[in-house]
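> turn this into a model:
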Amino acid sequence: MSEKIRVRFAPSPTGYLHVGGLRTALYNFLFAKQNGGTFILRIEDTDRTRYVEGAIENLIKSLKWANIEFDESPNVGGNYGPYIQSERLHIYKKYVDELLEKKFAYKCFCSEERLDVMRKEMEKLKISPKYDRKCLHLLEEEIQKKLNSSLPYVVRMKIPENTTIKFNDIIRGDVEFLSDRIDEQIILKSDGYPTYHLANVVDDHLMEITHVIRGEEWLSSVPKHILLYQYFGWEIPKMAHLPLLLNFDRSKLSKRQGDVAVEDYIAKGFLKEALINFVAFLGWNPGDEREIFSLDELIKEFSLEKVHKAGAIFNLEKLMWMNKQHIMKKSDEELVKFVSAILNNESFSFDYINNVVRLMKERVNTINEFITFSNYFFESPKFFDEKSKEKNWTSQTQNHILFLINKFENLNNFSYDEIETSIKSTSNNFQISTGKIIHPVRLALTGVGMGPSLYELIEVLGKTEVISRLKNALKILP
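Numbering: from 1, shown residues only. Got it, this is the predicted structure:
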């Protein structure tokens, strides 16, 4: 592309970073990096009723975790700041005054009570509620009188009548709206703060944004934004509206049906590479069978033209599968660091955790599962699986275990081969199948009926721990 690409991610600090927000940030980031462009973080905090303390820091922390870095932001700085809208109020005031002077906007003094009555009457008539333009027709002396009386007011943008507003969306193609269906939006609130529509357009122009890439929920706002660009005589950036994220039942993705915050997935032990890979595929794919991508590969392959229009299903099973693939791509050393950080227990050595990782790597879907699915590596079992106990622990098991303990105690080299020989020797002594030793021993050591190779598990736990657990099981199990 010949023009210098400038894109932005512009979240509101209303809490956590939603996975939909992560996708918007990611697509903007990929598009910018692929085209040698600039990626900007702008905080849209003009709705003070929804502002959450600490949300800006959480947003930046989550994006940094995902390796999504900004070229310009409140932290990084840049030549187009401030990058927080509440620090730009003087700028918006200037442009509101310009719209008022050009008669593209007007002051509205209607009370909330009147507006509420108006809305209810329109709903009764099955008309989509929108402002009835009462204050558009006020005379100058009436306006001045209200101002002298210190009546609170908002500023609304004027919408032209009988006009078709058209634009071309990179993802959706040609889109058009009839102006008669567009509400005369408030662009400046009575508290002096601009609404999203004005601040968004002013900032995108002043920050020289070339492409607006955002969620489909903002599609209906585009005609208002186009009108504002036209009122100011500004060039309209190219636009791309991303498909909605949906639950499996095709309802809009919401916390009611599952986790939607990036920090939830971090806490559950998902790798950033996997979450980024998964989120990239929520509406886009490379057009072939490939599914596992690194961030660098996504930068190379991503294309807005290949983003779908239809809503994208958030499939947790798919995310689990992708996470497993990325775990398999990690070195054991990297995985040890992750597991050690979660354990936060210095009593387990690097070598010990490395052995656990080696045994469990192909069995887990998340980093947390190295601990939750195999907690028996880190603590003795407190409970024993009832089904396994009923199936594998017989009246003769105590004798089998006591015999095996004696074998283990006499081993000088507590290795895989010697462990296997001891168990087979025990089964031969009692003239029973090896399984009748293996299954109760596994239950005694882990509390569960399945897991990795028992001989390897015993070798990792070590002689002292294994004998201690076997003796403890004999006390607890009948």
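> can you tell me the closest non-neighbouring residue to Thr46?
Ranked by C-beta to C-beta, 6 or more residues apart in numbering and with sequence neighbours excluded, the top spatial neighbour of Thr46 is Tyr193, at 4.6 Å. (Glycine included, C-beta is placed from N, CA and C.)
> neighbours around the one you found, how many?
17 (other C-beta atoms under 10 Å).
> wait, it sits on Leu89?
Yes: contact criterion C-beta atoms under 8 Å: Tyr193 and Leu89 qualify, at 6.8 Å.
> quick one: Ile353 from Ile467, how far?
22 Å (C-beta to C-beta, to the nearest Å).
> the two: who's more crowded?
Shown here are Ile353 and Ile467; by other C-beta under 10 Å, Ile353 has more neighbours (23 against 17).
> surely the more buried one is in a helix?
Yes: counting by DSSP: H, G, I helix; E, B strand; the rest coil, Ile353 falls inside a helix.
> look at the residue nearest to it when sequence neighbours are not counted and report its pLDDT.
Nearest in space to Ile353, with sequence neighbours left out and distances taken as C-beta to C-beta, 6+ apart, is Val336 at 5.0 Å. For Val336, the pLDDT comes out at 97.
> residues near Val336, how many?
Neighbour tally, Val336, other C-beta under 10 Å: 22.
> please apply the same query to Ser179.
15.
> then Glu57?
Neighbourhood size, Glu57 [other C-beta under 10 Å]: 11.
> wasn't it part of a helix?
Yes: using three-state DSSP, the secondary structure at Glu57 is a helix.
> please enumerate the helices of the stretch 201-350 of the chain.
Counting by DSSP state H, counting those that start in this stretch, the stretch 201-350 of the chain has these helices, from start to end: 222-232, 262-267, 272-280, 295-301, 316-329, 332-343, 350-360.
> ranking those by burial, who's on top?
When the helices of the stretch 201-350 of the chain are scored by mean count of other C-beta atoms under 10 Å, the highest mean neighbour count falls to helix 272-280 (a mean of 23).
> residues contacting stretch 373-388, please?
343, 345, 348, 356, 359-360, 363-364, 371, 439, 442-449, 451-452, 460-461, 468-469, 472-473, 476-477 (C-beta atoms under 8 Å, 6 or more residues apart in numbering).
> give me the subset of the residues you listed that lies in helices.
Counting by DSSP state H, the part of the contacts of stretch 373-388 found in helices is 343, 356, 359-360, 371, 439, 442-446, 460-461, 468-469, 472-473, 476.
> and these, which are buried?
356, 359-360, 371, 439, 442-446, 460-461, 469, 473 (16 or more other C-beta atoms under 10 Å).
> I'd say Phe9 and Arg42 touch.
Yes: at 7.5 Å, Phe9 counts as touching Arg42 under the criterion of C-beta under 8 Å.
> low-confidence ranges in this structure?
1-2, 255-258 (pLDDT under 70).
> quick one, domains of it?
89-242, 331-369, 380-476 (automatic domain parsing).
> with distance to Ile68 added, can I get these in TSV?
Shown next, in TSV, are the domains of the chain (distance: least, C-beta to C-beta, whole Å):
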stretch	distance to Ile68
domain 89-242	14
domain 331-369	20
domain 380-476	36
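> closest one to Glu53 among these?
Closest to Glu53 of the domains of the chain is domain 89-242 (C-beta to C-beta; 17.6 Å).
> on that earlier part again, so which of the domains of the chain is nearest Phe29?
The minimum distance between Phe29 and those falls on domain 89-242, with 9.8 Å, by C-beta to C-beta.
> element containing the residue lying closest to Gly15 once chain neighbours are set aside, please.
Nearest non-adjacent residue to Gly15, counting by C-beta to C-beta, 6+ apart: Val52, 5.0 Å away. Per DSSP states H and E: Val52 is located in neither a helix nor a strand.
> who's in contact with Val52?
Val52 neighbours (C-beta under 8 Å, 6+ apart): Pro13, Thr14, Gly15.
> ok, it to Gly215 distance?
Where Gly215 is concerned, Val52 sits at a distance of 20 Å (C-beta to C-beta).
> make TSV from the helices of the stretch 201-350 of the chain and add distance to Tyr416 to it.
Formatted as TSV, those follow (distance: least, C-beta to C-beta, whole Å):
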stretch	distance to Tyr416
helix 222-232	66
helix 262-267	36
helix 272-280	32
helix 295-301	39
helix 316-329	23
helix 332-343	18
helix 350-360	12
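> mind checking which of these is nearest Leu26?
From the helices of the stretch 201-350 of the chain, taking C-beta to C-beta, the stretch that ends up closest is helix 272-280, at 5.8 Å.
> relative to helix 316-329, how tilted is that closest one?
On the basis of axes from the mean of the first three to the mean of the last three C-alpha atoms, to 10 degrees, helix 272-280 is oriented at 140 degrees to helix 316-329.
> which other helices and strands contact helix 272-280?
In terms of contacts (3 or more C-beta pairs under 8 Å, 6 or more residues apart in numbering; DSSP states H and E), helix 272-280 is packed against helix 19-34, helix 262-267, helix 295-301, helix 316-329.
> one step back: which ones among the contacts of Val52 lie within strands?
The members of the contacts of Val52 all map outside strands under DSSP state E.
> report the contact partners of the residue lying closest to Ile5 once chain neighbours are set aside.
Using C-beta to C-beta, 6+ apart and skipping the chain neighbours, the partner closest in space to Ile5 is Gly37 (2.8 Å). Gly37 sits next to Lys4, Ile5, Arg6, Val7, Phe31, Thr210 when contact means C-beta under 8 Å, 6+ apart.
> quick one: contacts for the first one?
In this structure, Lys4 makes contact with Gly37, Thr38, Thr210, judged by C-beta under 8 Å, 6+ apart.
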